[in-house]
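Visitor: Using only what follows, build the 3D model:
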Amino acid sequence: MSNNNTYNHLVIFDSECLLCNNSVQFLLKKDSKNLFVFCSLKYAFENGILPTTQLFPDSVIYKKNEQIYTESTAVLELAKTLGFPYALIYIFKIIPTFIRNIPYKIIARNRYSIWGKTETCFLMKPIYKAKFLDM
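Guide: Down below sits the predicted model:
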C-alpha cells in the first residue's frame with residue numbers, strides 16, 4: 001500500500017454501522033471529482049493512519065490534506081468537498097461546534113439501534129474497490 005500521506009481526501013468510517021455504510025455509498029455515487037478514498041476505523045488505527053496521541057470518536061473521520069475533522073465538522077467538510085448543492089449545508093459551520101455536535105452525538109450513539117449493524121461488507125461495484133484501503 002502506498003504512503004498514507006498520499007490520500008488527500010480519506011474518509012474513515014465505522015464499517016459495522018449500516019448508516020455509515022449507506023453514507024459511504026452516497027459519497028461514492030456523488031464523488032464526481034473522484035477525490036475520496038475510504039477505510040474502516042479499525043484499519044486506520046491498525047495502520048497508523050490516525051495518531052495514537054489523540055482520542056477519536058467511533059464515527060466518521062475525514063482526513064483532508066492532513067487536517068483531521070470529526071463529528072459534525074467532518075460531515076460539513078465532506079459536503080463542502082462534494083460541491084453544489086451539498087456544499088450549501090456548510091452554512092451550518094456558523095453554529096458553534098459544541099451545539100452542532102449535540103444532534104450528531106445523539107445519532108452516533110443510537111446508530112446501531114436505529115439503522116442496525118452488519119458483520120459483512122456491503123456489495124459494491126468493482127470500479128469502487130480501488131477506493132478502499134482495506135478491501
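
Visitor: so what pLDDT did Lys33 get?
Guide: pLDDT for Lys33: 92.

Visitor: any idea which helix or strand carries it?
Guide: Using DSSP states H and E, no element contains Lys33; it sits outside every helix and strand.

Visitor: Can you give me the neighbour number for it?
Guide: Look at Lys33: counted by other C-beta atoms under 10 Å, it has 10 neighbours. Bear in mind the C-beta positions are built from the backbone N, C-alpha and C, glycine included.

Visitor: how close does it get to Asp58?
Guide: 28 Å (C-beta to C-beta, to the nearest Å).

Visitor: do the same with Ser23
Guide: Ser23 is 14 Å from Asp58, by C-beta to C-beta.

Visitor: Looking at these two, which has the bigger crowd around it?
Guide: Ser23 (18 against 13).

Visitor: quick one, phi/psi of the more buried one?
Guide: Backbone torsions for Ser23, taken as degrees, to the nearest 10, come to phi -70, psi -40.
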